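In: coordinates for the following, if possible.
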Amino acid sequence: MKKKGIKIALGSASKNSLMILKKLNITNLFDAIIDGNKVSIAKPDPEVFKLGVDELGLESTDCVVFEDSQAGLDAAKAVNCYTVAVGKRSNLIGGDIYINDFQEFDDNLIF
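Out: All right, here's what the predicted structure looks like:
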């Protein structure tokens, strides 16, 4: 996605996201990192996605959120993001499209 010029953000409730990304040496892959240090309310509140959209300088309707939790899907939908539900359809309600895991993902699904 980076090679195609697509901006990427990480949205997580974890307060150690940045530390993990640094240890993995992949912080450069993200244009915005929104974690538990930047949000005061956890998902399903949409704060994490509102901040991510703002930091990317985009409109929420131009964003795609990959989520593996119902709370995350609900939060992403609350700000009108397109959603890719990662997991079983029976466990995740309201995704725009579904994949079982990232090995199934093909960017043609969303572009």
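In: for the spatially most central residue of the chain, which non-adjacent residue is spatially closest?
Out: Compute the mean C-alpha point of the chain, and by CA atoms, centre = their mean the closest residue is V65, 4.0 Å away. Leaving aside its chain neighbours, V65 sits nearest to A76 (3.8 Å; criterion: CB to CB, 6 or more residues apart in numbering). Every residue, glycine included, has its C-beta placed from N, CA and C.
In: ditto for V86
Out: Per CB to CB, 6+ apart, closest to V86 is D68, 4.4 Å.
In: tell me if I'm right that that neighbour and G87 touch.
Out: Yes - with contact defined as CB atoms under 8 Å, D68 reaches G87; the gap is 5.1 Å.
In: who has more neighbours, these two?
Out: G87 (17 against 13; other CB atoms under 10 Å).
In: correct me if wrong: that one contacts G72.
Out: No - in this structure, G87 is not within contact of G72 by CB under 8 Å, at 10.6 Å.
In: what do D68 and G87 both touch?
Out: Common neighbours of D68 and G87 are not found (criterion: CB atoms under 8 Å, 6 or more residues apart in numbering).
In: how about low-confidence regions in this structure?
Out: Applying pLDDT under 70 to the chain flags the ranges 111.
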